[in-house]
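Trainee: whatever this is, show me its structure:
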Amino acid sequence: MIAEGQPAPAFSLSDQDGQEHTLAALKGKPIVLYFYPKDDTPGCTTEACAFRDARAEYVKAGAVVLGVSPDDVKSHKKFADKFSLDFPLLADVGNSVCEAYGVWKEKSMYGKTYMGVERTTFVIDANGVIKKIFPKVKVDGHSDAVLSELASI
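Mentor: Numbers count the residues shown, from 1 in each chain. Next up, the predicted model:
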């Protein structure tokens, strides 16, 4: 089970432009790694646009914002272009990073169970240590809560 105070699991994923991102390459900067269920759906769009709209504040904090979902690079590209998202959306096709971070879970909707991403955000410090986990994220006000957390690390 992943917990605050532990090293963040390593990852290597492609973004919407096909560029590879690794945890190791980001060492030295705080990271906001947010997992979301699906591109271009209401909650995920609201969450992504909130991070986009607060971009200047994240830059001021020296933080890198990365979104992760099981959607592929092509889906991420369409989503990023449609909403002018100016940060990497990482394609975790196969869910290996979602599983490593413990966010790939059994979910239920309309009486049916299925596997999917539980909306979760990890704030990782410049040394690669998880400082804060926001489980079962409620989208409204979430970006502000993340920014507050960044101010404390």
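Trainee: tell me which helix or strand the residue nearest to the spatial centre of the chain sits in.
Mentor: In the chain, the centroid-proximal residue (Cα atoms, centre = their mean) is Tyr34; its distance is 1.7 Å. Using DSSP states H and E, Tyr34 falls within strand 31-35.
Trainee: remind me what that strand packs against, helices and strands.
Mentor: helix 42-53, strand 64-69, strand 120-124, helix 142-151 (3 or more Cβ pairs under 8 Å, 6 or more residues apart in numbering; DSSP states H and E). (C-beta placed from N, C-alpha, C; glycine too.)
Trainee: so which bits of the lowest-mean-pLDDT helix or strand in the chain are buried?
Mentor: Sorting the helices and strands of the chain by mean pLDDT, DSSP states H and E puts strand 104-109 at the bottom, at a mean of 90. Under the neighbour-count criterion of 16 or more other Cβ atoms under 10 Å, strand 104-109 has Trp104 buried.
Trainee: quick check: pLDDT value at the residue nearest to the centre of the chain.
Mentor: Predicted confidence (pLDDT) for Tyr34: 98.
Trainee: which residues touch the residue lying closest to it once chain neighbours are set aside?
Mentor: Closest residue in space to Tyr34, ignoring its immediate chain neighbours: Thr121 at 4.2 Å, by Cβ to Cβ, 6 or more residues apart in numbering. The contact partners of Thr121, taken as Cβ atoms under 8 Å, 6 or more residues apart in numbering, are Val32, Leu33, Tyr34, Phe35, Ile133, Phe134, Val137, His142, Val146.
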